[in-house]
Structure formats: structure tokens, C-alpha cells
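Student: My questions concern the predicted model and sequence given below.
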There are 2 protein chains.
Amino acid sequence: MFEIKNICKDTSARVGIFKTRHYGFTTPCFMPVGTNGAVKTLSSKELEEIGYEIILSNTYHLYLKPGEEIIKSFKGLHNFMNWQRAILTDSGGYQVFSLSPLRKIKKDGVEFKSHIDGSKHFFTPESVIRFQKILGSDIAMVLDVCPPYPCSYEEADKAVELTNDWAKKSIEIAKESGVTVFAIVQGSIYPDLRKKSAEFLVNLDFDGYAIGGLGIGEPKEEMWKMVEIVNEILPKDKPRYLMGIGKPEDFIEGIKLGVDMFDCVVPTRNARNGTLYTEKGKILVRREIYKKDQNPPDESCHCFTCKNYSLAYLRHLSNINEILGLRLNTIHNLTYYFHLINKIRKAIINQNVLSFTAEFYKNYSS
Amino acid sequence: MFEIKNICKDTSARVGIFKTRHYGFTTPCFMPVGTNGAVKTLSSKELEEIGYEIILSNTYHLYLKPGEEIIKSFKGLHNFMNWQRAILTDSGGYQVFSLSPLRKIKKDGVEFKSHIDGSKHFFTPESVIRFQKILGSDIAMVLDVCPPYPCSYEEADKAVELTNDWAKKSIEIAKESGVTVFAIVQGSIYPDLRKKSAEFLVNLDFDGYAIGGLGIGEPKEEMWKMVEIVNEILPKDKPRYLMGIGKPEDFIEGIKLGVDMFDCVVPTRNARNGTLYTEKGKILVRREIYKKDQNPPDESCHCFTCKNYSLAYLRHLSNINEILGLRLNTIHNLTYYFHLINKIRKAIINQNVLSFTAEFYKNYSS
């Protein structure tokens, strides 16, 4: 399913195509986050127009709202939200850890309370795969145990053990039911636990491998160290997905270490807070200096926002709390992200990743 | 500037074209409300795609934010918001009355406090025309005194006197500075005051005439009675604009009485509250009965929303408070409004206004 097209001579970066049941997408790629069946403020058509081939959605949220019954009646999430390209769904492991007011990890799964109404639910490795099949996910994720940062070695080890145990159950039911599924490597910032986790999962022969439990407060060096350790173990012929990362500079670093897929709320959430990404770095649209600025946020950008609107107008929309501004900012940031990844892909193909990296950092101030 | 193309044989309805300095639009028409330089949730391109030729914006809001200096640097509102078709701007008379925490009406103008920061300001008939020239409004409105409902005969009479006095000052400065300007007929629900107001203003030879101070709580019969009385006095060869109205059924009634232009926040505000207009009447997207409904809100509608999304998905977006839902609902309602007016236009051209009216009420439950 994963075909590697180009390999960087200087780094572990590569360009590939991952073919899911019904749609193929090019890697490296960024997946905009459509938590609850919508990438906030945008229509599916706008995402297509930017060029996205795959988005991420969340089992946890979709399970609570709209729920299984409604998704079933639409024969899956693609029809429900009218997005016909690929969808990867997170398993809910991370959301149970980050959103639920209560969670009890048991041998067979995790009990949690809904952050919406406090109702109790129980996820098992099997139930989340089954639900992701109902969603029609192109790529399902296994249920994992995602410990916080910092966490003790013992706690991290227990999380790895249970995640591994659940992974085994997940791959079995996924194979039975014809679901494409990725495993999730845990292990906090403990190298031997990361290795243990990765080695165990590789033996189970998943369709792809995610690195989870990072970007939750640990120092950046630690994060990249873990990615490096894990990627040395993960098979070269399977896609690698670094969950919940990142910022523009993270793509450069991650891709050089052999990461193929990313997702993050940063471009969309920051857009709604009035932070725009440009070739030169971040800008805050609310700033007084833009009040008469007739230029678009980024002159080199060809997005709908930059082609049609000025910084001064975006600043005005932000000042009057106008929803249109949230959307225009989101379109811009997701366009910036899409094209940044695209440029890195081209650099891999053209064998100039190192000079591209140098050029990027020269222009970009984070 | 106003060319009447078709006159209904059975009612006072007519179809015309009003040519402003830089853009012509067909009447009868509805103007979406872009209070502060944006029709909430929508881009200018979306408004164009629906077919709108003219939108309304507000002097009061634009004067406070972004303010004169910024609008000037863009050479007007059209460039600032990237809308190249016609803009009518309200004078601020109504907003000072409805939004300001304090207003003092004086002989020369009105003192008010900003609803944003409490700062004091003074509008004169001359200053609002001058500001509307800076905005580049295709149609400016005179500053008027808009009394509440109910109000005494004496109060209404005083408002008419002052509005008339200000209208005289307004037409003088408008003519001097080459601004297209409409007068506003006041007089509450007192027939003789409405006549007095209309007769006085007609003599000043404005480019068009608005009927103000209605739709603010008075019974509907009273409103239509006033419109009828006023329209008998207003010149046939000038456009008539019924301010702040209306609901779908109001177009039918207003147009039959010879009204050419309307504006109202109803389609956009209701959209954001989850109320959609359809051929059969209003529907509330949040209703449980739509939870698996795969149909669009209105099967006869060709808007972006109805072509791409189901009622169940719109209900879901409403349940999760997703901004995309506000936009999809707004697109639908403004499309419904645009096509309703379009159908009335066609009925006038085809001389079947009465049968169209009967058909409309047969299908539509308000």
C-alpha cells in the first residue's frame, strides 16, 4: 500500500504514496484536524481547493456526537461531511486522556466520562476499531494508553505494556474486518521503552506506525531524540506518523528524521486566534501596525485570503470579532502548511533538502 | 438614474434598474446587511455568487470601527472589503437610537456615546453625508430622527420636523459633493405626519425615498397602512426603500404596494440561530427529526449548502457549535431571499403577481 518514490541522499526524508482502500495520498503530508467531522470554519470544498488529500477526525468526538447510529445511516463519515478524499481517525486514546473528567484504565479497555454530559462509556481496543470501520476511516488508529508528561519510568512502562497488549487485539480485529490500521508507539521519553514499544509493534506487521505521546510538554530535543530512536526500528517500507505535531519548523526536522505524516491543531487554532504563518514567520493580525496595510498577509501566497484581502481588513475583522476573519485566517494558514510540505517534498525529489532547510531558517523566525 | 422596466397591471409593483455612480442594480431587491463592512460569515465572492448586486452597510459602525482614517487610506469601503458592486449606507440615525447608551438630539445633530467604549460623538446631517462620501457609498442616507414605537403624536411630529430640517441640509451638501442620497420619511403610525413628511421631502427632489421608523413593534396592518399612504405621495419615478424590513411574506406585500428596496438582518441573524427559510416555510435545523435526514434543507434550492450538505449534517454542526454551520445556513437563507425576490420580479414581468402571491401563501407557512 505504501510506495516510496524518492529517498533523500542526505537525510532519512522520503516521498511516497500511501494508497488507502479508496484514496491515495502523497507523503510527507500534513492532515488538517477535523475533530468532530468538520475542519473548523471550512467546507470540504475549500480543503480540496487548497489541495489536501487527507484529513484527521476523532473517534472520541464522533462517538459522542453525532454517534454511531447517525454515522451508520450515512454509511460513514465521508458521506456525512461530504469529503470524498482520505480520512484518518484517531482512536480516542489521547482524547480520553486529555478531555475526559474521569478515566479508569482497565486490562480490557478504558472507562471514561463524556466531557459533554458526564455520561460513562467504555472503549476497548476492539470497540474503537469497530467504530472506525463504521466511520469508514481510510486509516484507523489503535487504542493506546497515553501517559502525561512527565511520568515515571514505571508508569510509562505500564502504558507501553498495555498499549502493546491492545495493539495485538487491534490488529487481529482489523485484519478480520478489513480495516487499515496504524499502531502507536509509546514510551514517554525513555529510550529503552520507546525501543521496546516499537520492536513489539513492528512484529505485529501493521499498515503503518505512529509515534504518540510526544509534544505534550517535553523538551523539543527529547522529542526528536525519541523520534530518531523509534524511526531506526520502524520498517522503512511503512508510513510513519508523528501524532499531534506540529509547527512549521517541526516538519523540516521530522521529515529529515523519516516522518511521513503529521497532524496538529496549530494552523487552525492559531488562525482563529489571529496568528498567521508566512514565509517570514508568524504575524499577529491584530497589531496596530497593520491598520492601513493594504498588502495581503503573505505576498508570495496564492490563497483565497491573500488574493482578495488586505492585512488591514483582516485586522478589522479580528477587531469586530467577525467569523469571516476566522475563516480567512484558517484558509491562509492551511494553505501555508500545505505549500510548505509541498516544498519539502520537492526538495526531497530534487535532492536539496539541506539547502532548503538552511533557506527556510534564514527567512523564518518562529 | 432610475429606469422602470415593467409595471404590474394589478398592483403597484414594478421592476426597474437603478444606476448608481459605478454600478447598476435591478429592483425590487433585497440588500444583505453588512453592518460593519462584512455580511456576517460570508466573503464578498460568496455574495456575488448568490447574485447580489447591492449590500447595505452602516455609517454608525464604520465610523467607530475601522474609522475614517483607515477607510480613507483604502479610498472607500469597496476596496476595504473587496466588494465591487453597489453599497447603500445607512446614515446612523437608527443605530444611534437603537444602540447608543445615550443620545441627545439637538437642533444641529445628535450627540451619542459609542456602544463599544462609551466615547462621545456628534453626528450632523452634513457630517454623515461627508463620511458616506468617504465610504464611497453608492447610495447615502440622510441623518434622521427615528423615534421609538409607541411614541406620542407630539414626539413623532417633532421627529418629522427635525428630520425634514436635516434632509434639507443633507440634499444641499449631497448635491455639492456629488453624493447620491435618499431621504427618509418618518411620522410613526400617524397618517397625517407620514403625509407631511413625505410631501416635504418630495419637494426637495432626492434620488430616492426611504420609509423609516417601521418594523419596530407596531402592528403589521399599521405598517402596511403607512407604506400605502407614503407610496401614494412618493414620486413613481424614484426608488422606494422600506428600511429594516423584512420577512419573506413582507416582500410580497411591500412590492405590491410599490416598494423597490428592502434590507433586513432576518435572513442572516436567523441563519446563525439555525432557522432556515424554504419554499414551505421556516425550519429549525436543531430539531431531532432531522438527525438522520439526508435531504438538503430545500430540495428546490441550488445553493452551495443544499447542493453539498444534508439537514442531518447541518443539525450536527449546530449541535457542536461549529462556525461552518453558521456560514452554510447564511448562504442558504441569502440564496432563498435572492431567489424569492427574483421570482417576484418575474411575476411582475409576466403579469401574474396575484397568482404568484396565492401560490406563495399556499406553500409557505410563516
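Tutor: Thanks, I have the structure now.
Student: So which bits of the helix or strand bottoming out on mean pLDDT in chain A are buried?
Tutor: None of the helices or strands of chain A scores lower by mean pLDDT, DSSP states H and E than helix A:93-99, at a mean of 88. The neighbour-count check on helix A:93-99 (16 or more other CB atoms under 10 Å in any protein chain shown) flags A:93-97, A:99 as buried. All C-beta atoms are positioned from the backbone trio N, CA, C, and that covers glycine.
Student: Just give me the neighbour total for the closest residue to A:Thr59 other than its chain neighbours.
Tutor: Spatial nearest neighbour of A:Thr59, excluding adjacent residues (CB to CB, 6 or more residues apart in numbering or on different chains): A:Gly92 at 4.1 Å. By the criterion of other CB atoms under 10 Å in any protein chain shown, A:Gly92 has 28 neighbours.
Student: ok, now A:Met1?
Tutor: There are 15 residues near A:Met1, going by other CB under 10 Å.
Student: hang on, it packs against A:Gly16?
Tutor: No - when contacts are counted by CB atoms under 8 Å, A:Met1 is not listed as touching A:Gly16 (10.1 Å).
Student: rewinding a little: report the separation between the residue nearest to A:Thr59 and A:Ala140.
Tutor: 11 Å (CB to CB, to the nearest Å).
Student: if we can go back for a sec, only the buried residues of the helix or strand that the least confident helix or strand of chain A is followed by, if you could.
Tutor: The helix or strand immediately downstream of helix A:93-99 is strand A:103-105, counting by DSSP states H and E. When burial is assessed from 16+ other CB under 10 Å, strand A:103-105 yields the following buried residues: A:Ile105.
Student: now do stretch A:269-278
Tutor: By 16+ other CB under 10 Å, the buried positions in stretch A:269-278 come out as A:270-272, A:274-278.
Student: got the contact list for that stretch?
Tutor: The contact list for stretch A:269-278, computed with CB atoms under 8 Å, 6 or more residues apart in numbering or on different chains, reads A:40-41, A:248, A:267, A:282-286, A:297-298, A:301, A:314, A:318, A:325-326, A:329-330, A:332-334, A:336-337.
Student: Which residues are in contact with the residue in the stretch 251-366 of chain A that chain B sits nearest to?
Tutor: Proximity of the stretch 251-366 of chain A to chain B (CB to the nearest CB) peaks at A:Lys292, 4.3 Å away. A:Lys292 makes contact with A:312, B:69-70, B:73-74, according to CB under 8 Å, 6+ apart.
Student: Up against chain B, what does chain A have?
Tutor: Within chain A, the residues that sit near chain B (CB under 8 Å from any CB of the partner chain) are A:36-38, A:40-45, A:65-66, A:69-70, A:73-74, A:80-82, A:291-292, A:294, A:304, A:308-310, A:312-313, A:316-317, A:319-320, A:322-324, A:326-328.
Student: Of these, just the buried ones, PyMOL syntax please.
Tutor: A single PyMOL command suffices to select whichever of the residues of chain A next to chain B are buried according to 16+ other CB under 10 Å:
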select buried, chain A and resi 36+37+38+40+41+42+43+44+66+70+74+80+81+82+291+292+304+308+309+310+312+313+316+317+319+320+322+323+324+326+327+328
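Student: Can you list which of the residues of chain A next to chain B are found in helices?
Tutor: Cross-referencing the residues of chain A next to chain B against helices under DSSP state H gives A:44-45, A:69-70, A:73, A:80-81, A:304, A:308, A:312-313, A:316-317, A:319, A:323-324, A:326-328.
Student: how much space is there between A:Asn329 and B:Gly109?
Tutor: On the measure of CB to CB, A:Asn329 and B:Gly109 end up 39 Å apart.
Student: which one of those two has more residues nearby?
Tutor: Comparing A:Asn329 with B:Gly109 by neighbour count (other CB under 10 Å), the higher total belongs to A:Asn329, at 27 against 21.
Student: what does the model give the closest residue to that one other than its chain neighbours for pLDDT?
Tutor: Among residues not flanking A:Asn329 along the chain, A:Ala271 sits closest, at 3.7 Å (CB to CB, 6+ apart). Here, the pLDDT recorded for A:Ala271 equals 98.
Student: Just confirm A:Ala271 is within a strand.
Tutor: No - A:Ala271: not assigned to a strand; according to DSSP: H, G, I helix; E, B strand; the rest coil it is helix.
Student: Quick check, the residue in the stretch 1-150 of chain A closest to chain B?
Tutor: A:Ser73 (4.3 Å).
Student: pLDDT at A:Ile331, what is it?
Tutor: A:Ile331 carries a pLDDT score of 98 in this model.
Student: Identify the residue nearest the residue of the stretch 251-366 of chain A closest to chain B in space, chain neighbours excluded?
Tutor: In this structure, A:Lys292 finds its nearest non-sequential neighbour in B:Ser73, 4.3 Å apart by CB to CB, 6+ apart.
Student: mind listing what that neighbour touches?
Tutor: By CB under 8 Å, 6+ apart, B:Ser73 lies in contact with A:292, A:294, A:312.
Student: Save the residues you listed as CSV, and put in distance to B:Arg130 too.
Tutor: Shown next, in CSV, are the contacts of B:Ser73 (distance: CB to CB, whole Å):
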residue, distance to B:Arg130
A:Lys292, 20
A:Gln294, 23
A:Ala312, 22
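Student: Can you give me the neighbour number for A:Thr268?
Tutor: Other residues close to A:Thr268 by other CB under 10 Å number 22.
Student: hang on, it is in a helix, isn't it?
Tutor: Yes - applying three-state DSSP, one finds A:Thr268 inside a helix.
Student: any idea how far it is from A:His332?
Tutor: 11 Å.
Student: repeat for A:Ile252
Tutor: 20 Å.
Student: Between those two, point out the one with more neighbours.
Tutor: Neighbours per residue, other CB under 10 Å: of A:Ile252 and A:His332, the larger number sits with A:His332, 27 against 21.
Student: Work out for me the element the more buried one sits within.
Tutor: Going by DSSP H and E, A:His332 is part of helix A:323-349.
Student: mind listing what's buried in that helix?
Tutor: Neighbour counts using 16+ other CB under 10 Å place A:323-341, A:344-345, A:347-348 of helix A:323-349 among the buried residues.
Student: Quick check on A:Phe251: phi, psi?
Tutor: Phi and psi for A:Phe251, reported as degrees, to the nearest 10, are phi -60, psi -50.
Student: these two touch, right, it and A:Asp260?
Tutor: No - A:Phe251 is beyond contact range of A:Asp260, at 11.0 Å (criterion: CB under 8 Å).
Student: Mutual contacts of the two, please.
Tutor: A:Pro28.
Student: where does A:Glu249 land in three-state SS?
Tutor: Look at A:Glu249: counting by three-state DSSP, its state is helix.
Student: Domain boundaries for chain A, per the record?
Tutor: Listed domain ranges for chain A are A:2-263, A:265-366 (source: automatic domain parsing).
Student: Make a markdown table out of those domains and add distance to B:Pro239.
Tutor: Listed next are the domains of chain A as a markdown table, based on distance: least, CB to CB, whole Å:
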| stretch | distance to B:Pro239 |
| --- | --- |
| domain A:2-263 | 36 |
| domain A:265-366 | 29 |
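Student: mind checking how far the residue of chain A most remote from its centre is from B:Thr275?
Tutor: Residue farthest from the centre of chain A, counting by CA atoms, centre = their mean, is A:Lys292 at 36.2 Å. Distance of A:Lys292 to B:Thr275, computed by CB to CB: 39 Å.
Student: where do the helices sit along the stretch 151-300 of chain A?
Tutor: All helices of the stretch 151-300 of chain A, identified by DSSP state H, counting those that start in this stretch, fall at A:153-177, A:191-203, A:220-233, A:248-256, A:266-272.
Student: could I get those helices as JSON lines with distance to A:Lys9?
Tutor: Below are the helices of the stretch 151-300 of chain A laid out as JSON lines (distance: least, CB to CB, whole Å):
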{"stretch": "helix A:153-177", "distance to A:Lys9": "34"}
{"stretch": "helix A:191-203", "distance to A:Lys9": "25"}
{"stretch": "helix A:220-233", "distance to A:Lys9": "17"}
{"stretch": "helix A:248-256", "distance to A:Lys9": "12"}
{"stretch": "helix A:266-272", "distance to A:Lys9": "30"}
